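[1] Give me the fold of what follows.
(2 chains)
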Amino acid sequence: MIIETKKVVKSFIDENFKDHSIEFEVTIPEDISKGNLTCNAALILANRVKLQPHEVAEQLVKPLEKQDFINKVEVAGPGFINIFLTDDAFLNVVKEIREDITQLITQVEKPEKILIEFVSSNPTGPLHVGHGRGGVYGDTIARLLRLKGHKIHTEYYVNDAGRQMDILTASVWFRIAGIDDNEFPASGYKGTYIKNIATRWGDNNVDSSIVDEIQKLISFKDLPEDDEERIDFLIEQLKLITESSWGAVKNLALESMLDSIQDDLSSFGINFDLWFSESTLLEPSLTTKSKFQLMKDSLKEDDFEIDASGNVWFLSTNYGDDKDRVLIRDDGRPTYFGTDVAYHLDKLQRGFDTLINIWGSDHHGYIKRIAASIQSLGYDSSQFKVQLVQFANLIKDGSKIKMSTRSGNFYSLSKLIDEVGKDAARFFYLFKQADQHMDFDVDMAVSNSKENPFYYIQYGHARICSLQAKANLANTEVGSLNLEHLPNSCLSIVHELSKFPMIFDQACHKLTPHLLIFYLRDLTALFHRFYNEHNILDAPNEEKIAILQVLDAVKKTISFTFSTLGIKALESM
RNA sequence: GCGCCUGUAGCUCAGCUGGAUAGAGCAACUGCCUUCUAAGCAGUGGGUCGGGAGUUCGAAUCUUCCCAGGCGCGCCA
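    Modelled structure (predicted):
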């Protein structure tokens, strides 16, 4: 109805106020006395054409009054146009929700092929609660955009090629050799998951001479002082000591980490279409160069240069970045940035119209250089979009929990799922806008008390299910609703239901799924209030049927929206 | 120092492409369970929308300057 109304106003303006195409809004006012819909077009247009807003409004009223879904139109306040809809318009919403709520979702005119990349956490440790937030957000965005009609592909970029992988592998070797926490290098990964990998390796292959050498290496007194230099030195030595086993342990470690990450995500309802391996970008095939090489060949020639020591620089400042960036180190190894450029080129070459990357907010400084590289590769940087997700602080017993992967001291995602449950966890992640800092209060999420908003909506859904079971009218025919039989206080529920398409559109357009949760809470509140005021099952039969049809629409709105957010609505509590 | 994000009720947050009296939940206080699930409902109190200036018919929303907090500013990923 909003969309229809907007069309009417817009075409009237196009006809009668040529050259004044304006952006205006049709919204649903808080106060029902201001109509079911309200339009601010006259205020904006009056400014342009230098007329009184009232005069303009009076003209805009005319075409609206002719619409059969509109009952009454008023000009109010400084020049708002308040629109009152017919009963049928509302009843139609209830009917459509009950038939098939997805028909209320307006499909995009031009469906796009969109690749959404998210989580992409280094496979050097288990996922923690921060990754969970990005994961749930990305997954939900994918679901929303799919429903809008876009073609969505999801991807996890696996950083399996860099120094971090060597540190991971070295850490496993230290544990294989029985190095304990006292002697363990500060820059290594200490977590118990490393011990588990070491144990898996130890089950079938233990070479005691290697173990001896590693122990000797660790106690060697002339190791570099600096933590980072020391770990790099140790890695170099370990590669010599372990020879061919190095690669095998590395593979085992990577595989174990990916298994664990995959398990955590899938228990969160998050699955990826593709796990993209960074290292494949560096592997030439028999017939072609590596994707990395091909990327370098595709960059504009003016956009890179080689310095005296042999580093290859990408001149991202040509595109507004603060600094130029090294693409290839003097020893020939690509930087992280370098392979990432190759990855993005690969994405674009696969024919995606839009790339959406969901990154932790600490990566915001990285946006410009990737956008720059995309331009240099000859693509339009507007195809590349980044949604930043802010950190999630974990609150337990009223205080923040600090997290660090290296020390092995963190609150893992799997622990969160165990304690809070998938659905409540997803709910709380989505309860706040993704690009805002958030405190995730674990105690609140698990509490069965009234302070937990998750159960508020669930309870509403369960109550309706219970009513339906008792009334035995769950399948009341669609379309037989008559507004006369509906008590006034139930009408406000119908009004709220009519907002659904608008809210859903906003959530998709702005990539803000939290709007849907806030909407459900408002909708549920109206139901709970109504439930307390009316003894539904004792109402006269016609009234009861009418009410239950509206409540069925509420129930379907909750369960559909929840399922879109990856949450299962409870039938009973 | 530069960049991004944030500052709205005691707490957690909506609202931010400017719009009609600033919202919700929790907490506090007062009521409502012999009646469809009280994980609920009704009501009361609580605000210089961090501060100043500006833009205009109109600002929590836009601009600018301050103040406070988070994050980033690697040939780490």
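[2] Which parts of chain A belong to which domain?
    Domains of chain A are assigned by automatic domain parsing as A:2-85, A:92-98+A:450-564, A:163-256.
[3] Kindly reformat the ones you listed as JSON lines containing mean neighbour count and distance to A:Thr280.
    For the C-beta atoms, the positions are set from N, CA and C on the backbone; glycine is no exception. Formatted as JSON lines, those follow (neighbours: other CB atoms under 10 Å; distance: least, CB to CB, whole Å):
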{"stretch": "domain A:2-85", "mean neighbour count": "17", "distance to A:Thr280": "45"}
{"stretch": "domain A:92-98+A:450-564", "mean neighbour count": "18", "distance to A:Thr280": "29"}
{"stretch": "domain A:163-256", "mean neighbour count": "17", "distance to A:Thr280": "13"}
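[4] Is it possible to get CSV of those that adds mean pLDDT?
    Output for those, formatted as CSV (pLDDT from 0 to 100):
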stretch, mean pLDDT
domain A:2-85, 82
domain A:92-98+A:450-564, 89
domain A:163-256, 89
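[5] would you turn the ones you listed into TSV with distance to A:Pro334?
    Output for these, formatted as TSV (distance: least, CB to CB, whole Å):
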stretch	distance to A:Pro334
domain A:2-85	45
domain A:92-98+A:450-564	31
domain A:163-256	12
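[6] Could you dump the ones you listed into TSV with distance to RNA strand B added?
    Formatted as TSV, the entries for these read as follows, by distance: least, CB to the nearest atom of the strand, whole Å:
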stretch	distance to RNA strand B
domain A:2-85	3
domain A:92-98+A:450-564	3
domain A:163-256	4
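[7] any idea how far A:Arg426 is from RNA strand B?
    16 Å (CB to the nearest atom of the strand, to the nearest Å).
[8] One more: A:Leu144?
    A:Leu144 is 15 Å from RNA strand B, by CB to the nearest atom of the strand.
[9] SS state for that residue?
    With DSSP: H, G, I helix; E, B strand; the rest coil as the basis, A:Leu144 sits in helix.
[10] picking up where we left off before, so which of the domains of chain A comes closest to A:Ala425?
    domain A:92-98+A:450-564 (9.5 Å; CB to CB).
[11] can you give me the offset of that closest one from its chain's centre?
    26 Å (CA atoms, centre = their mean, to the nearest Å).
[12] sorry, back to before: among the domains of chain A, which comes closest to A:Glu305?
    domain A:163-256 (24.9 Å).
[13] and the end-to-end length of the closest one?
    18 Å (CA to CA, to the nearest Å).
[14] burial measure for A:Gln383, as a count.
    Using other CB atoms under 10 Å, A:Gln383 is surrounded by 18 other residues.
[15] what's the closest of the domains of chain A to A:Thr335?
    Of all the domains of chain A, domain A:163-256 sits nearest to A:Thr335, with 10.6 Å by CB to CB.
[16] What is the burial count for the closest residue to A:Asn318 other than its chain neighbours?
    Excluding the flanking residues, the one nearest A:Asn318 by CB to CB, 6 or more residues apart in numbering is A:Asp303, at 5.7 Å. Using other CB under 10 Å, A:Asp303 has 20 other residues around it.
[17] How much space separates A:Asp303 from RNA strand B?
    16 Å.
[18] Tell me which of the domains of chain A sits nearest to A:Leu570.
    Short answer: domain A:92-98+A:450-564, nearest of those by CB to CB, at 4.6 Å.
[19] which stretches of the stretch 101-250 of chain A form helices?
    Taking DSSP state H, counting those that start in this stretch as the test, the helices found in the stretch 101-250 of chain A are A:129-147, A:163-176, A:192-204, A:208-219, A:227-242, A:244-266.
[20] hmm, who's touching the second one?
    Helix A:163-176 is contacted by residues A:122-124, A:159, A:184-185, A:187-190, A:194-195, A:197-198, A:201-202, A:206, A:210-211, A:214, A:218, A:231-232, A:234-235, A:238, A:242, A:246, A:249-250, A:252-254, A:257 when judged by CB atoms under 8 Å, 6 or more residues apart in numbering.
[21] I'd like the distance from the helix or strand encompassing A:Ile367 to the chain centre, please.
    Assigned by DSSP states H and E, A:Ile367 belongs to helix A:367-376. Centroid separation between helix A:367-376 and its chain, computed with CA atoms, centre = their mean, is 23 Å.
[22] before we move on, back to that, wait, which of the domains of chain A is closest to A:Lys148?
    The closest of the domains of chain A to A:Lys148 is domain A:92-98+A:450-564. By CB to CB, the value is 5.0 Å.
[23] ends of that closest one, how far apart?
    23 Å.
[24] Now the most centrally placed residue in chain A: closest residue in space, sequence neighbours ignored.
    The centroid of chain A falls nearest to A:Tyr137 when counting by CA atoms, centre = their mean (2.0 Å). In this structure, A:Tyr137 finds its nearest non-sequential neighbour in A:Ala434, 4.6 Å apart by CB to CB, 6+ apart.
[25] Now for that neighbour: which residues touch it?
    So A:Ala434 contacts A:133, A:137, A:387-390, A:511-512, A:514 (CB under 8 Å, 6+ apart).
[26] Narrow the residues you listed to those in helices?
    Assignment to helices by DSSP state H places the following of these there: A:133, A:137, A:514.
[27] now the first one: how far from A:Ser11?
    Spelled out, it's A:Arg133. According to CB to CB, to the nearest Å, A:Arg133 and A:Ser11 sit 43 Å apart.
[28] again, but for the last one
    With distances defined as CB to CB, the gap from A:His514 to A:Ser11 amounts to 34 Å.
[29] returning to that earlier point: please tabulate the contacts of A:Ala434 in JSON lines, including the columns distance to A:Lys323.
    Below are those laid out as JSON lines (distance: CB to CB, whole Å):
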{"residue": "A:Arg133", "distance to A:Lys323": "29"}
{"residue": "A:Tyr137", "distance to A:Lys323": "30"}
{"residue": "A:Gln387", "distance to A:Lys323": "24"}
{"residue": "A:Leu388", "distance to A:Lys323": "20"}
{"residue": "A:Val389", "distance to A:Lys323": "25"}
{"residue": "A:Gln390", "distance to A:Lys323": "25"}
{"residue": "A:Leu511", "distance to A:Lys323": "29"}
{"residue": "A:Thr512", "distance to A:Lys323": "33"}
{"residue": "A:His514", "distance to A:Lys323": "35"}
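[30] Among these, pick out the one closest to A:Ser412, please.
    Nearest member of the contacts of A:Ala434 to A:Ser412, counting by CB to CB, is A:Arg133, at 13.8 Å.
[31] shouldn't that closest one be in contact with A:Tyr429?
    Yes. A:Arg133 lies in contact with A:Tyr429 (CB atoms under 8 Å); the separation is 5.1 Å.
[32] Give me the common contacts of the two.
    A:392, A:440.
[33] out of these two, which sits in the busier spot?
    Between A:Arg133 and A:Tyr429, A:Tyr429 has the larger neighbour count (other CB under 10 Å), namely 29 against 26.
[34] what about A:Leu127, neighbour count?
    If we define neighbours as other CB under 10 Å, then A:Leu127 has 25 of them.
[35] for the nearest residue to it once chain neighbours are set aside, phi and psi?
    Leaving aside its sequence neighbours, A:Leu127 sits nearest to A:Leu413 (CB to CB, 6+ apart; 4.1 Å). Dihedral pair for A:Leu413: phi -60, psi -40, per degrees, to the nearest 10.
[36] Contacts only, for A:Leu413.
    A:126-129, A:131-132, A:135, A:264, A:268.
[37] Of those, which are in range of RNA strand B?
    Taking CB under 7 Å from any atom of the strand, there is no overlap between the contacts of A:Leu413 and the neighbourhood of RNA strand B.
[38] Out of those, flag the one nearest to RNA strand B.
    Nearest to RNA strand B among the contacts of A:Leu413: A:His131, at 12.3 Å, using CB to the nearest atom of the strand.
[39] That closest one against A:Ser121, yeah?
    Yes. Counting by CB under 8 Å, A:His131 does reach A:Ser121; the two are 5.0 Å apart.
[40] secondary structure element for A:Leu523?
    Assigned by DSSP H and E, A:Leu523 falls in helix A:514-533.
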